[in-house]
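1. This is the structure alone, sequence omitted:
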């Protein structure tokens, strides 16, 4: 890493940590119902919905409420996509989305994955972007934060029957955290050049006429083939450029703040209308980490020991910095095969935007996959082999290095339980975390959450590699093609949403496989986490004794980071060896 | 299931809150929020909200943020673009997604190098990396200062302008990293070419 990359990393971490503390204070106040003005405004809504916000829910009721709410969201996104042709705010006359793609996108946005098999500007109406996709950007983020709050309460409470009220959690975080923050960020983005309008696509007259070739099509719309069976080409001229328009900034803000990652445009945050300059890019990166970092501090605050929150944050930051160093190093190294052709030394610029360059593209790639965001400002498929292995591995660690809003914290807390369990085995004592005895029931739930995603990723990859329809999607030959499939399954099952985008995934096979992976990767983890929350809330809190393992400080940071790496590597090292490692050796080996 | 108290068994009272809250929050975040943001954006930053369009003689000729394809020797050329069916298709952004070991990438880069060398016989050295690699969006409006410098003499020759005049034009339009570390040194190709057209027109007028 050069000096510029280090300065960028340091400035980024400084701003995130500086903003995390006040954000945490506000989050804790809102989520504990101590924002009195807000409560008065919410009251009529609760009356209409028949909700008593003080009512404590058992973990099962809490889980059912969230699942029902997410099911409604999924159905609404599906319906709006299928019906968009006849609905308003559709100046470009976008037609109905195919059933398999609509199914995939509905689960994708409800589960906070925001995997995109479609290209936004060529398929979605403005109404679908706003009322289907932007809504789920908010509500899936709210769902994640709600689960994290429920788990925090599990640790903070003693002898309690419930873990909070799901409805109140969803409403409070949406109204008083996500909405105001998004509105401010959206206006900042517009000031930088992100578009925000409902106009039809803008025609401009370019400086130079453009000549290009398209396949000739017959009267039936199928391409006409020549004698060799290749499509016959015809030359076309244009003196214009069509600029895609839309309400981009409003969706962009929550896309990042809610670690959603679903872009308005196909090129996501690499598109100049989504991310116009280095400053907007910096703001995007900070927005992705802000709430995941703040939630760690909320945890420390509410369990009555801020050091516990800082410890989690330190473990996350440690793993994050290592990943940034690795990815930036390999991208700056560039592609030796291009250098051999006579390309000047400038790092791997294929698939990157010049206004971000190597440093900000590399940092963004780490941030978006450390957090389960999945927005991209560079094409991950074009990363160097080991550069591309970093996002892959960060997702496979379970999205716990900052992670998604809420899901990052609850994923990390599950691994913290595993860490104290392993430590407990080593010293021969009953494991405890924050004075709560960790017993067989909790460990069973921990085991489920830790095993669900690797099963989906590795099983799904194996299935896709064996199936004809799975191999058909591969764009790049050799080991890189395997990496494309492994990346898609890792991204879907861990609810990230970024892609090695060469893979043609908008097919019935991948839309179905990845849809199932996203759904189970989200909800089959969420429910056992809530079960842990319920079980912990009912327990007493024991006083720390001389034999208690302290869960704060450098020793526990190392233990926790070690556990994260151990679990991840045990699961994925063989698969990583078949993809990125093989490709690295073919590229750099003699 | 020791953690499950008897009183907490689920019942049907979840449906009404789910429906009412989903509808209310949908209208708020999916219509009120984006529409109000649009109104505010149009009032506060109308040029940016509408796409930062560049006008010449009152007509839009492009956006300050979106690149265009150039191939005539009289213009600075943009980076290669992977959008289809034509390069710099701003209604369908896309990257090439070619992996570093893909033979298709090497062939494409080799062809671009050959074309650049043929058009720039005065440049024997290595080719700037951004001129032979596609951007992530296919709409990258910038090239590096090295890439502009590489093309400068060819443009000067085609325009019949002194290279020194183009060098000062380039220096005028060069953008430096913010605070020294945010972003890269670069130049906006469309804006540079618009200024180049103006310079050429002024020079012609002065000569006549």
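-> Done, it's in. Note that the coordinates shown come from a computational prediction; the quantities given were computed from them, not determined experimentally.
2. Check what pLDDT the closest residue to residue A:130 other than its chain neighbours gets.
-> Excluding its sequence neighbours, the residue lying closest to residue A:130 (C-beta to C-beta, 6 or more residues apart in numbering or on different chains) is residue B:34, at 4.6 Å. Glycine gets a C-beta too; all of them are placed from N, C-alpha and C. Per-residue confidence (pLDDT) for residue B:34: 98.
3. All the strands of chain B, residue numbers only.
-> Ranges of strands within chain B are B:53-56, B:59-63, B:142-144, B:174-175, B:186-188, based on DSSP state E.
4. Dump these to TSV, plus mean pLDDT.
-> Below are these laid out as TSV (pLDDT from 0 to 100):
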stretch	mean pLDDT
strand B:53-56	96
strand B:59-63	96
strand B:142-144	98
strand B:174-175	96
strand B:186-188	97
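5. mind checking which of these is nearest residue A:9?
-> Within the strands of chain B, the stretch nearest residue A:9 is strand B:186-188; the backing value is 21.1 Å (C-beta to C-beta).
6. Neighbouring strands - and their directions - for the closest one?
-> strand B:142-144 (antiparallel), strand B:174-175 (antiparallel) (DSSP bridges).
7. how about the ones you listed in TSV, adding mean neighbour count?
-> Below are these laid out as TSV (neighbours: other C-beta atoms under 10 Å in any protein chain shown):
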stretch	mean neighbour count
strand B:142-144	25
strand B:174-175	16
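8. Name the residues of whichever strand in chain A runs longest that come out as buried.
-> Criterion DSSP E: the longest strand present in chain A is strand A:202-215. Buried residues in strand A:202-215, counted by 16 or more other C-beta atoms under 10 Å in any protein chain shown: A:202, A:204, A:206-207, A:210.
9. show me which of these neighbour chain B.
-> Counting by C-beta under 8 Å from any C-beta of the partner chain, the subset of the buried residues of strand A:202-215 that neighbours chain B consists of A:202, A:204, A:206-207, A:210.
10. Out of those, which one has the weakest pLDDT?
-> residue A:210 (89).
11. quick one, strands of chain A?
-> Counting by DSSP E, the strands of chain A are A:202-215, A:233-243, A:432-433, A:436-437.
12. can you pull the contacts of the residue nearest to residue B:154 when sequence neighbours are not counted?
-> Distances taken as C-beta to C-beta, 6+ apart place residue B:120 nearest to residue B:154, at 5.3 Å, with adjacent residues excluded. Each residue near residue B:120 by C-beta atoms under 8 Å, 6 or more residues apart in numbering or on different chains is listed here: B:150-151, B:153-154.
13. can you rerun that using 7 Å?
-> Taking C-beta atoms under 7 Å, 6 or more residues apart in numbering or on different chains, we find residue B:120 in contact with B:150-151, B:154.
14. so which of these comes closest to chain A?
-> Using C-beta to the nearest C-beta, residue B:150 comes nearest to chain A of those, at 9.1 Å.
15. wait, that closest one sits on residue B:128?
-> Yes - Residue B:150 lies in contact with residue B:128 (C-beta atoms under 7 Å); the separation is 5.5 Å.
16. Read off the pLDDT value for residue A:346.
-> Predicted confidence (pLDDT) for residue A:346: 86.
17. That one - how many residues pack around it?
-> Per other C-beta atoms under 10 Å in any protein chain shown, the neighbour tally for residue A:346 reads 21.
18. Before I go, just wanted to say thanks for your time.
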